[in-house]
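K.L.:
From the sequence below, what's the structure:
(one chain, ligands or ions: 1)
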Amino acid sequence: MKVLVCGGAGYIGSHVVRYLNTNGHEVVVFDNLSTGHREAVGMAQFVKGDILDSAALNELFANCRFDAVMHFCALSQVGESVVEPYRYYHNNVVGTLNLLQAMRAAGVRKLVFSSTAAVFGNPEHDFIDENHSTRPISPYGASKLMIERMLADAAGAYGLRSVALRYFNAAGADPSGEIGELHEPETHLIPNVLLAALGKDVELKVFGNDYPTRDGTCVRDYIHVNDLASAHLKAMHFMNEREGFHVFNLGNGRGFTVLEVINAARYVTGENINFKYAQRRTGDPAVLVASGDKARMLMEWTPQVTDITDIIETAWRWHRRIKH
Ligand code: UFG
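P.N.:
Residues are numbered from 1 along each chain as shown. Next comes the predicted model:
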C-alpha cells in the first residue's frame, strides 16, 4: 500500500515509517520538522510541509495517490497546552480538519489517528478500557478528543474509515539504535532517567512520592514504540474489513511506578542514577493503565516487548549512541 505519514519525522511516526518500509509498504512522509528530525525518516520519501497549509496538502494529494493516511502531527505537551490553549487547538484541531478536507477532496478514505490516554482525564478506575468516560483535563487531551469526534462525524457524513489509537506511555526505541526519542526540552520519564545515567546536566526529579500507589510514585503503562508501530499496520488492515470510526487503547495492561522504572534503568545501565523528590506535577493522575483487550481481540495485536527492562534496554542503546 502507499501510505502518507503526516508527522513521520517524530518519535512515534519515525518508528512507524520504518516498520511500514520493512513490511513492504511505500511511504511518503509529510512533516514541518518543528519537533521531528529529517534523519529519522531514513530512506522514505520526504516532503517538508505543515498541516496548517491547506495548499501544500492539496498539492501533496494531487501529486500522489494514497491508499491511507497516518496522522501523527501534533503539539503534545500537556503542561504547555494549559498555558497556550489556542496554539494547541489551532495546530491540532484546525490542522487535522485541513488534512481531513484535503483527504476528502482527493477521495482518500482511510485514516489512522494518534490519540492519547490524555482523553480520559482523571481515571475512575485502574484498568482503562475504551468505554471509560472521556473528560480530558488539559487542552492537549481535549484537542485529541475533539478530533476523535470529527472522525466519528466524518464516518457518518462522508464514509471516512478511521481508527484512533490511544497510546498510553510510548517508550523505548528501535533495537537498531538508529532512531529513538529526542525531544527538546525532554519532559518524559525514561529519556530523563537515561540522560541522568549518562551523567548529563539533568537533575532527575521524581514528581511526587505521596500518591496512593505501592511506593508513593505514579504508575504508568509503558508500551514499546515498535509495538505501537505494529498496531498501526493492524489498524490499516482492520479498516479494509470495517467501515466507520473505531477507538483502541494501546498499552500492556501492566503498570510500573516511577521508582520501578529508575531501578530497572539502574540494572540496564549499571549506573547509580541519583534523583530528588519534587512537588507533584500538575495534571498527573496517580495510575494510568490500559486494558488492551479490544486491540488484542479485534485487531489481533500482540505487543512483543512487554518487560520494562527490555523496553529501557532499547532506549539505552539509542541514548548511548546519540549522547556520547
Ligand atoms: N516523571 C518524573 N520525572 C520526570 C519525568 C516524569 O517523575 O523527569 C513522572 C511523571 O510525573 C509521571 C511519570 O513519570 O508520573 C511519567 O511521565 P511522562 O512525562 O513520561 O509521561 P506522562 O504519563 O505524563 O505522559 C503520557 C503521554 C502524554 C499523555 C499523558 C496522559 O506521554 O502524551 O501520558 O496523562 F498526554
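K.L.:
got the residues of the stretch 101-250 of the chain near the ligand?
P.N.:
Residues of the stretch 101-250 of the chain that fall close to the ligand, judged by Cβ under 6 Å from any ligand atom: 116-118, 140, 169, 187-189, 192, 205-207, 218, 220. C-beta here means a position set from N, CA and C on the backbone, and glycine is covered the same way.
K.L.:
So which of the residues you listed are in helices?
P.N.:
The helices, defined by DSSP state H, take in 140, 189, 192 from those.
K.L.:
Make a markdown table out of these and add distance to Glu148, neighbour count and pLDDT.
P.N.:
As requested, those are exported to a markdown table (distance: Cβ to Cβ, whole Å; neighbours: other Cβ atoms under 10 Å; pLDDT from 0 to 100):
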| residue | distance to Glu148 | neighbour count | pLDDT |
| --- | --- | --- | --- |
| Tyr140 | 13 | 26 | 97 |
| Leu189 | 26 | 22 | 97 |
| Asn192 | 29 | 20 | 96 |
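K.L.:
my read: Glu260 touches Ile308, true?
P.N.:
Yes: between Glu260 and Ile308 there is a contact at 6.9 Å, judged by Cβ atoms under 8 Å.
K.L.:
Compare those two (neighbour count), which wins?
P.N.:
The neighbour count for Glu260 versus Ile308, taken as other Cβ atoms under 10 Å, is higher for Ile308 (24 against 16).
K.L.:
show me the contacts for the more buried one.
P.N.:
Neighbouring residues of Ile308 by Cβ atoms under 8 Å, 6 or more residues apart in numbering: 222, 256, 260-261, 264.
K.L.:
Which pLDDT value goes with Cys324?
P.N.:
Just so we're on the same page, residue 324 is His rather than Cys. Predicted confidence (pLDDT) for His324: 52.
K.L.:
Quick check on the residue of the stretch 201-324 of the chain at minimum distance from the ligand: phi, psi?
P.N.:
Distance from the ligand to each residue of the stretch 201-324 of the chain (Cβ to the nearest ligand atom) is smallest for Cys218, at 3.0 Å. Here is the backbone geometry of Cys218 (degrees, to the nearest 10): phi -70, psi 150.
K.L.:
Let me know how buried it is, in neighbour terms.
P.N.:
24.
K.L.:
Could you measure from it over to Asn209?
P.N.:
Counting by Cβ to Cβ, to the nearest Å, the separation of Cys218 from Asn209 is 10 Å.
K.L.:
Arg317 contacts Pro175, correct?
P.N.:
Yes: between Arg317 and Pro175 a contact is recorded at 7.0 Å, counting by Cβ under 8 Å.
K.L.:
quick one: which of those two has more around it?
P.N.:
Taking other Cβ under 10 Å, Arg317 and Pro175 do not tie; Arg317 has more neighbours (17 against 14).
K.L.:
contacting residues around that one?
P.N.:
173, 175, 177, 180.
K.L.:
Pull the number of nearby residues for the first one.
P.N.:
The one in question is Ala173. As a burial measure, Ala173 scores 30 neighbours (other Cβ under 10 Å).
K.L.:
can you check the one 4 residues further on too?
P.N.:
Using other Cβ under 10 Å, Gly177 has 16 neighbouring residues.
K.L.:
would it count as being in a helix?
P.N.:
No: if the criterion is DSSP: H, G, I helix; E, B strand; the rest coil, then Gly177 is coil and not within a helix.
K.L.:
Mind pulling up the pLDDT for His125?
P.N.:
88.
K.L.:
Who are the contact partners of it?
P.N.:
Taking Cβ under 8 Å, 6+ apart as the test, what His125 contacts is His132.
K.L.:
Just the residues contacting the helix or strand containing Leu228, thanks.
P.N.:
If you go by DSSP states H and E, Leu228 is part of helix 225-241. Contacts with helix 225-241, where a contact means Cβ under 8 Å, 6+ apart, come from 1, 3, 11-12, 15-16, 18-20, 23, 25, 68, 70, 110, 112, 161-163, 165, 167, 170-175, 181, 246, 248, 250, 295, 298-301, 303-306.
K.L.:
For beta bridges, what are the partners of the residue nearest to Met103 when sequence neighbours are not counted?
P.N.:
Among residues not flanking Met103 along the chain, Val69 sits closest, at 6.0 Å (Cβ to Cβ, 6 or more residues apart in numbering). Beta-bridge pairing of Val69 under DSSP bridges involves Leu4, Leu111.
K.L.:
Distance of Val69 relative to the ligand?
P.N.:
Counting by Cβ to the nearest ligand atom, to the nearest Å, the gap from Val69 to the ligand is 21 Å.
K.L.:
residues touching that residue, list them.
P.N.:
3-6, 99, 103, 108, 110-112.
K.L.:
any chance of the residues you listed in CSV, plus pLDDT, distance to Ile147 and neighbour count?
P.N.:
Converted to CSV, those look like this (pLDDT from 0 to 100; distance: Cβ to Cβ, whole Å; neighbours: other Cβ atoms under 10 Å):
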residue, pLDDT, distance to Ile147, neighbour count
Val3, 98, 19, 25
Leu4, 98, 17, 27
Val5, 98, 17, 30
Cys6, 98, 13, 29
Leu99, 98, 10, 26
Met103, 98, 13, 24
Val108, 98, 17, 20
Lys110, 98, 16, 21
Leu111, 98, 10, 26
Val112, 99, 12, 25
